[in-house]
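S.K.: I would like to see how this sequence folds:
(2 chains)
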Amino acid sequence: MAEARGAAADRPRGAAAGARFRSLELVPKAESPQSAKDFKTDQEVRWCPGCGDYAILAAVQSFMPELGIRRENTVFVSGIGCSSRFPYYMNTYGVHSIHGRAPAIATGLAASRPDLSVWVVTGDGDALSIGGNHLIHALRRNVNLKILLFNNRIYGLTKGQYSPTSEVGKITKSTPMGSLDAPFNPLSLAVGAEATFVARTIDSDRQHLQSVLRAAAEHEGTALVEIYQNCNIFNDGAFEVLKDPNTRDEALIRLEDGQPMVFAGQGVFRGPDGELHVAEVTDANRSEVLVHDVHHPSAARAFALTRIADADTLHHTPIGVLRDVRRPVYDTLMADQLDQAVAAKGEGDLAGLLAGQDTWTVG
Amino acid sequence: MTSQVDQSEAVGGSDGGGQGAAPPPSTGGSRPAKPIRRLDRVIIRFAGDSGDGMQLTGDRFTSETASFGNDLSTLPNFPAEIRAPAGTLPGVSSFQLHFADHDILTPGDAPNVLVAMNPAALKANLPDLPRGAEIIVNTDEFTKRALAKVGYPADPLADGSLSAYHLHKVPLTTLTLEALKESGLARKDAERAKNMFALGLLSWMYHRPTHGTERFLRQKFAKKPDIAEANIRAFRAGWNFGETTESFAVSYEIPPAKLPAGTYRNISGNLALSYGLIAAAKRSGLPLFLGSYPITPASDILHELSRHKNFGVRTFQAEDEIAGIGAALGAAFGGALGVTTTSGPGVALKSETVGLAVSLELPLLVVDIQRGGPSTGLPTKTEQADLLQAMFGRNGEAPVPIVAPATPADCFDAALEAARIAVAYRTPVMLLSDGYLANGSEPWRIPEVDELPDLRVEFASGPNHTLEDGSEVFWPYKRDPQTLARPWAVPGTPGLEHRIGGIEKQDGSGNISYDPANHDFMVRTRQAKIDGITVPELEVDDPSGAARVLVLGWGSTYGPITAAVRRVRADGGRVAQAHLRHLNPFPANLGAVLKAYDRVVVPEMNLGQLALLLRARYLVDAQSYNQVRGLPFKAAQLADVLFAAIGTLEENHG
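M.R.: Below you'll find the predicted structure:
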């Protein structure tokens, strides 16, 4: 049995010098190469056959070895919902918690253990409805968390009610005459909540999904990755237009940092009103096509990008990293304050604390 | 002048008949002019507008009194509004202090001295004053308008309605302004020092040491030295006023109390609780992580712990109550001593996460500083009505141990005890303090650090189970056979990767299981773990050995109950007393104790929550005595209840 770790022993700084990913500098490196198999558990995966979650799980399992960190220093935290079963299938440490609260639980873990790589797996109901408050506050604090938001635009585990990302008028069991609520755009919400990293990808495109995970892992602070995920039981084909070889090239804007935002002969332009819009690229306007800059300091630019897709048809949906800016990381700042306090006042002396300033002695 | 009426809470023992009538000791030194009377105890209440600085005044008088060596007990009482409309009854803020030359248990039933800074303060507090009490009023505030505002048809200082009291009419504002004439301060700023003038006057009356207050003022206003000096000048002017004016003919001496040997300080419940948490972290070797959302009357713990980052304490002010406990639980999963602090409404919000902690079987402290409820209720007043919420307020069978401190200083030990249980049994623990303990204060014998309990914990470091095929594995729900605690395996430990969650788990392996028999087993096992927690036996105090009535309390009623018991015994009544610190599980001997008495009286500041548990569990006819006034019981009131219980018994059976 190991001795309890002391207050000072929980931050093995420098233990992982030279780690490949900036956000994982404090996480101990793996001693030998890992494979996807190392991250699989012996638990039977219990999602519905054909669920998009399978593809995401496989993509994540085969991506994790790339991080080059010790498996035991990796933690997956989830809330409640179909996606939240995810941790049971990852051979790391994991907590399957309660509905909506995963960002809060992960915040406490990440803030007290900078030597861990902490991932949150959540869904559109979990993150944006019951847990909306925790999501936005995690984003503004910039805790070192990687949040994977599986968005299938429906409640799956409760069998098919509309979600906060369902389109207006959605017919479900709870909305037989159509839903009345305007949906959230998760990425607009994230940018508005001061997120420093915002990205979107699609369950079926493993290569793209992994490229986004790579960028998220690289990012210091909270990374929000929205993953469009198909629920083949209650909302089948919700993202088909983005997947069908006949439509996807027209519908998707694949963002690449430093590259002009062009797709299928069209490009992204800034209009006279400052709004972004899509138009055909001609020789005359080719030079005006906007070049994507993930590090652009303006949140307004990122916000405009999140609004460019047509909410009804999903045409012009940008995927890839929309925003990736640097801001001090909450857990690092918290640890620094502890160090500063020790530097200023010395290590805490319990006897001195208990005695205080005004004492008197009897007998 | 013999107006210092002794509202004795206890007439036996050293409290016996102490009246202040002792001959004045020989006066000497620099204070030859006026006679000095010796008292054994005094109750003073400072009352004024919420903006008058009464809490600060009371705090300072308390510090002076503590450093003088009296035993003491305090009761701050203030409105929830930060600045209620000036001069109104709802805006009155008060601070009561009871101090003595012997050990005392309560802030006192009724003040001997009332300092009333305005008509509202007089009107709001007069009903609590016994005849003969001294009243010091700030006459400057007794204007027609101020009197009308609180419904005084005539000036009570002039109409003879206060003739039963010893009234000191002091123009506190005028005198303060006069004293600060040369200070160069604006009138408004100068006027604000009138509480320090009052403090100086009272400090003279009761021979309090003054250097501590002067030092305090210099520190508090370090960045505004002119304000510091003005306050000190007002404070000294108040002292000198007492010494020179004829209105105050006598001053009083209350010799230091004979407390057990040791080094003492004055401490409030919330401060003691904060220190207890830091001490628990130190003694367990775990870093302390507090996740909390501001709420009255618990916020002081968040403030205090935030000041001690050099102890490795992490404090996280969360976006809401749920995130506060969530973060604490996340930190606990990572190997920290996770704590969340709140009051009743916050516990309601946290209950789902407490349930998760029950299921995850991780250590977690949930500190509930109870206040008047339901809903927002009485945020700044005390109550004990969260017991059943702590006990049962979750879905499913989710047993949680409950520990309740008895006095402000006891909050220190209770925090350590709650941490012991949480860490040893891997369970969330409810620590039930309340507003009275939180803000009240008393002298505390400072413990030696090595006297504190050893809470060291061992994390799991390797496999704990052998499968049929001979392979060694780690099973997160394989329990310690003695405590039934599961292993605490923290991330970063190689080979122990495991997943836990709120879904029912297979015994041992911890894998998801919906098996009916397994669920039944797990529910019973979690209950058995809590039921099996080792807690000390309940001690009964019955010097006569012949009492037939037992008074049983829990939490902050300890002071008033004990004071009442002393009174009853001093008057020849026989009563046994016991006080519960552990509400779940109960001490093993509780049933036997209850059955040994013909009558069990249970005073509570709720409508009978402990009594309900006792009746359900032990089938005893526990008699409730209840009050939910937002204030602690008075000793006299409880003494009457106990006399009545003894009396009925004698009529029926005697």
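S.K.: can you count the residues close to A:I80?
M.R.: By other C-beta atoms under 10 Å in any protein chain shown, the residues close to A:I80 number 25. No exception for glycine: its C-beta is placed from N, CA and C like everyone else's.
S.K.: And the one 4 residues further on, by the same measure?
M.R.: Using other C-beta under 10 Å as the criterion, A:S84 is surrounded by 27 other residues.
S.K.: Kindly report the same for B:A86.
M.R.: 14.
S.K.: quick one: contacts for it?
M.R.: B:49, B:51 (C-beta atoms under 8 Å, 6 or more residues apart in numbering or on different chains).
S.K.: Next, it: phi, psi?
M.R.: Backbone torsions of B:A86, given as degrees, to the nearest 10, read phi -60, psi 140.
S.K.: So for the residue nearest to the spatial centre of chain B, what's the nearest residue that isn't a sequence neighbour?
M.R.: The centre of chain B sits closest to B:L437, judged by C-alpha atoms, centre = their mean, with a distance of 0.6 Å. The shortest distance from B:L437 to any non-neighbouring residue, by C-beta to C-beta, 6 or more residues apart in numbering or on different chains, is to B:G269 (3.6 Å).
S.K.: Let me know whether that neighbour touches B:G440 as I believe.
M.R.: Yes - assessed by C-beta atoms under 8 Å, B:G269 is found in contact with B:G440 at 6.2 Å.
S.K.: Mind listing the shared neighbours of these two?
M.R.: Between them, B:G269 and B:G440 share the contacting residues B:P408, judged by C-beta under 8 Å, 6+ apart.
S.K.: The helix of greatest length in chain A - what's its average pLDDT?
M.R.: Longest helix of chain A, by residue count under DSSP state H: helix A:330-345. Averaging pLDDT along helix A:330-345 gives 97.
S.K.: same deal with stretch A:277-287?
M.R.: 96.
S.K.: Dump the C-alpha coordinates for that stretch into CSV.
M.R.: The C-alpha coordinates for stretch A:277-287 follow below in CSV (Å, rounded to 0.1, in the frame of the first residue of the first chain):
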residue,chain,number,x,y,z
HIS,A,277,-21.2,34.8,-45.8
VAL,A,278,-20.6,32.2,-48.4
ALA,A,279,-20.4,33.0,-52.1
GLU,A,280,-19.1,31.6,-55.3
VAL,A,281,-15.4,32.1,-55.8
THR,A,282,-14.5,34.0,-59.0
ASP,A,283,-11.3,35.4,-60.3
ALA,A,284,-12.5,38.8,-59.2
ASN,A,285,-13.1,37.9,-55.6
ARG,A,286,-10.6,35.2,-55.1
SER,A,287,-8.2,37.4,-53.2
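S.K.: Could I get the buried residue list for it?
M.R.: A:278, A:281 (16 or more other C-beta atoms under 10 Å in any protein chain shown).
S.K.: How about stretch A:20-30?
M.R.: Within stretch A:20-30, judged by 16+ other C-beta under 10 Å, the buried ones are A:21, A:23-30.
S.K.: From B:T213, how far off is B:S67?
M.R.: 10 Å (C-beta to C-beta, to the nearest Å).
S.K.: neighbour count winner among these two?
M.R.: Neighbours were counted for B:S67 and for B:T213 using other C-beta under 10 Å; B:T213 has more, 25 against 20.
S.K.: that's a helix at the more buried one, yeah?
M.R.: Yes - assigned with DSSP: H, G, I helix; E, B strand; the rest coil, B:T213 falls within a helix.
S.K.: residue boundaries of the strands in the stretch 351-500 of chain B?
M.R.: B:364-370, B:402-403, B:428-434, B:441-445, B:458-459, B:465-466, B:472-473, B:499-501 (DSSP state E, counting those that start in this stretch).
S.K.: Now render those as TSV, adding mean pLDDT, mean neighbour count and distance to A:H295.
M.R.: Shown next, in TSV, are these (pLDDT from 0 to 100; neighbours: other C-beta atoms under 10 Å in any protein chain shown; distance: least, C-beta to C-beta, whole Å):
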stretch	mean pLDDT	mean neighbour count	distance to A:H295
strand B:364-370	98	29	40
strand B:402-403	98	28	52
strand B:428-434	98	29	44
strand B:441-445	95	25	55
strand B:458-459	97	15	41
strand B:465-466	98	12	50
strand B:472-473	96	13	46
strand B:499-501	97	24	36
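S.K.: between these, which one is nearest to B:A644?
M.R.: Closest of the strands of the stretch 351-500 of chain B to B:A644 is strand B:428-434, at 25.9 Å (criterion: C-beta to C-beta).
S.K.: Give me the packing partners of the closest one, helices and strands only.
M.R.: helix B:269-284, helix B:344-360, strand B:364-370, helix B:387-392, strand B:402-403, helix B:410-425 (3 or more C-beta pairs under 8 Å, 6 or more residues apart in numbering or on different chains; DSSP states H and E).
S.K.: just checking, what packs against the fifth one?
M.R.: The one in question is strand B:402-403. Here strand B:402-403 touches helix B:387-392, helix B:410-425, strand B:428-434, strand B:582-584, going by 3+ C-beta pairs under 8 Å, 6+ apart.
S.K.: Tell me the neighbouring strands of the last one, and mark each as parallel or antiparallel.
M.R.: Strand partners for strand B:582-584, identified by DSSP bridges, are recorded as strand B:402-403 (antiparallel).
S.K.: just how off-centre is the partner strand within its chain?
M.R.: Chain-centre distance of strand B:402-403: 15 Å, with C-alpha atoms, centre = their mean, to the nearest Å.
S.K.: Stretch B:156-172 now?
M.R.: So, by C-alpha atoms, centre = their mean, the centroid of stretch B:156-172 is 34 Å from its chain's centroid.
S.K.: Check stretch B:150-170 too.
M.R.: On C-alpha atoms, centre = their mean, the centre of stretch B:150-170 falls 34 Å from that of its chain.
S.K.: same check, this time on stretch A:196-205
M.R.: On the basis of C-alpha atoms, centre = their mean, stretch A:196-205 sits 8 Å off its chain's mean C-alpha point.
S.K.: Below-threshold pLDDT in the chain: ranges please.
M.R.: In the absence of a named chain, chain A is used. A:1-19 (pLDDT under 70).
S.K.: wait, I meant chain B there
M.R.: B:1-33, B:652-654.
S.K.: residues contacting A:G100?
M.R.: Taking C-beta under 8 Å, 6+ apart as the test, what A:G100 contacts is A:79-80, A:126-127, A:129-132, A:134.
S.K.: need the strands for the stretch 501-650 of chain B, in chain order.
M.R.: B:549-554, B:576-580, B:582-584, B:599-604, B:623-626.
S.K.: Give me every residue in the stretch 251-363 of chain A lying close to chain B.
M.R.: A:334, A:337-338, A:340-342, A:344-348, A:350-351, A:353-356, A:358-363 (C-beta under 8 Å from any C-beta of the partner chain).
S.K.: Show the buried residues in those residues.
M.R.: A:334, A:338, A:341-342, A:348, A:350, A:353-354, A:359-360.
S.K.: pretty sure B:C411 is touching B:L277, no?
M.R.: No - contact criterion C-beta under 8 Å: B:C411 and B:L277 do not qualify, at 9.8 Å.
S.K.: any idea which of the helices and strands packed on strand B:402-403 is most buried?
M.R.: strand B:428-434 (a mean of 29; mean count of other C-beta atoms under 10 Å in any protein chain shown).
S.K.: Okay, now the sheet partners of that strand, with direction.
M.R.: strand B:364-370 (parallel), strand B:402-403 (parallel).
S.K.: Identify the residue nearest B:S161 in space, chain neighbours excluded?
M.R.: B:A154 (8.0 Å).
S.K.: Report the separation between B:A644 and chain A.
M.R.: As judged by C-beta to the nearest C-beta, to the nearest Å, B:A644 and chain A stand 38 Å apart.
S.K.: How many residues are close by that residue?
M.R.: So B:A644, with other C-beta under 10 Å, has 14 neighbours.
S.K.: Report the contact partners of it.
M.R.: For B:A644, counting by C-beta under 8 Å, 6+ apart, there are no contacting residues.
S.K.: what separates it from B:A576, distance-wise?
M.R.: 16 Å.
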